[in-house]
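J.: Give me a model of this one.
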Amino acid sequence: MNRDALAFLRKLVESPSPSGFEQPAQKLVRERLRDVVDELRTDVHGNVIAVLNPKAPFRVMLAGHCDEIGLMVNHIDEKGFIFFAAIGGVDLAVLSGQRVAILNRKGAVPGVIGRKPIHLLKPEERTKPDLKIEQFWIDIGAKDRKDALRAVEIGDPIVIERRFTELRNGFVSARGFDDRVGAWTVVETMRCVSRMKLRCAVYGVSTVQEEVGLRGARTSAFGIDPHVGIAVDVGFASDDPGSEKKVTGEVALGKGPILHRGPNINPRLAELMERIARRKRIPFQMQAEPRATGTDANPMQIARSGAATALVSIPNRYMHTPVEVVALKDLDNAVNLLAAVVAELAPSVDLTP
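T.: You can find the predicted model right below:
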């Protein structure tokens, strides 16, 4: 990955943007695309929509969501301790002892997540932990509730404070790769295909609120009414000691993006993408999807009268934790594949099963 693209990935991942509060990430997306697309707009929902060759009648939509899971302030007690609710699918097991940033109207307030010390836990609490979110709290060092309210207020979003970290062999770790890598891939694909002579209109969408119900893809797809919709998200890697290949399939970091087969995937589009990947010698892996994928591909498929949809996933370890891990070469290959697919899409391509 070149330095410019890597710097953008780092900035994008480190911009705190939980569902419903995606403005920091979307600002970066707009800056990255401003000078390379024909149209650039943000809709009332918060989706950033970039368009190339807008007058072409055949519309292709690329979607990657920029929101991440997070927390939200919902109670401050008399001593100034802050209790919170989850935004999206938060794993309670990873919360204890984390540093957090509470995003107020002026910036960020640092805090730490506390819990009863292990020394004071009952034996059954140690061996069979039944974690509940109300067992955790955030300490910002406030004197009391009045003091805490000078810094934060009910409804402020919260993210775990983790930085982008480069590991060995081109692996990187951060929170929020689900799905900043998808938004990154869409942006970089738009930059790549902007230099091509296109036979279709390409709509690159950095969608919002995927983690709370695929909401941004639903509204943007309705407005765009695409003929083809390709979502970019993360997929479960199975190359770590805790994964079960019999459950998720066999997927490893660094061996290429994941393609999918199943009812959420148009079979003709899937065949086309596999054929292009093999011809271009772009490595890819395959994963079974026997039902709706739970990604932006789902609402795109059933928007209006329907679209031919596909899903490209970036293999990801430790999903929905603060230390997700991906391989940079998988991101580069995802861009290469999407750009090659977009270059071949035209009204003459029959995607009817």
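
J.: Could you report the neighbour count for Ala343?
T.: Neighbours of Ala343 under the rule other C-beta atoms under 10 Å: 16. (Each C-beta comes from the backbone N, C-alpha and C, glycine too.)

J.: again with Gly213
T.: 12.

J.: show me what contacts it?
T.: Neighbour list for Gly213: empty [criterion: C-beta atoms under 8 Å, 6 or more residues apart in numbering].

J.: Look up how far Thr295 lies from it.
T.: Distance, Gly213 to Thr295, by C-beta to C-beta, to the nearest Å: 12 Å.

J.: Just say helix, strand or coil for the closest residue to Asp350 other than its chain neighbours.
T.: Sequence neighbours aside, Arg268 is the residue nearest to Asp350 in space, at 7.0 Å (criterion: C-beta to C-beta, 6 or more residues apart in numbering). Classification of Arg268 using DSSP: H, G, I helix; E, B strand; the rest coil returns helix.

J.: Now do the same contact list for Arg268.
T.: When contacts are counted by C-beta under 8 Å, 6+ apart, Arg268 touches Ala308, Asp350, Leu351, Thr352, Pro353.

J.: Please report phi then psi for Val312.
T.: For Val312, the backbone dihedrals (degrees, to the nearest 10) come out as phi -110, psi 120.

J.: Just confirm it contacts Ile230, I think it does.
T.: Yes: using C-beta atoms under 8 Å, Val312 is in contact with Ile230, at 6.3 Å.

J.: any shared contact partners between these two?
T.: Common contacts of Val312 and Ile230, defined by C-beta under 8 Å, 6+ apart, comprise Leu338.

J.: Report how many residues lie close to Met273.
T.: Around Met273 there are 25 other residues, counting by other C-beta under 10 Å.

J.: Am I right that it is in a helix?
T.: Yes: counting by three-state DSSP, Met273 falls inside a helix.

J.: Could you find the closest non-adjacent residue to it?
T.: Spatial nearest neighbour of Met273, chain neighbours left out: Val341 (5.5 Å); criterion: C-beta to C-beta, 6+ apart.

J.: can you check Glu244 too?
T.: Ser238 (7.0 Å).

J.: same deal with Ala151?
T.: Nearest non-adjacent residue to Ala151, counting by C-beta to C-beta, 6+ apart: Val109, 4.8 Å away.

J.: Helix or strand: which one has that neighbour?
T.: Secondary-structure assignment from DSSP states H and E places Val109 in strand 108-114.
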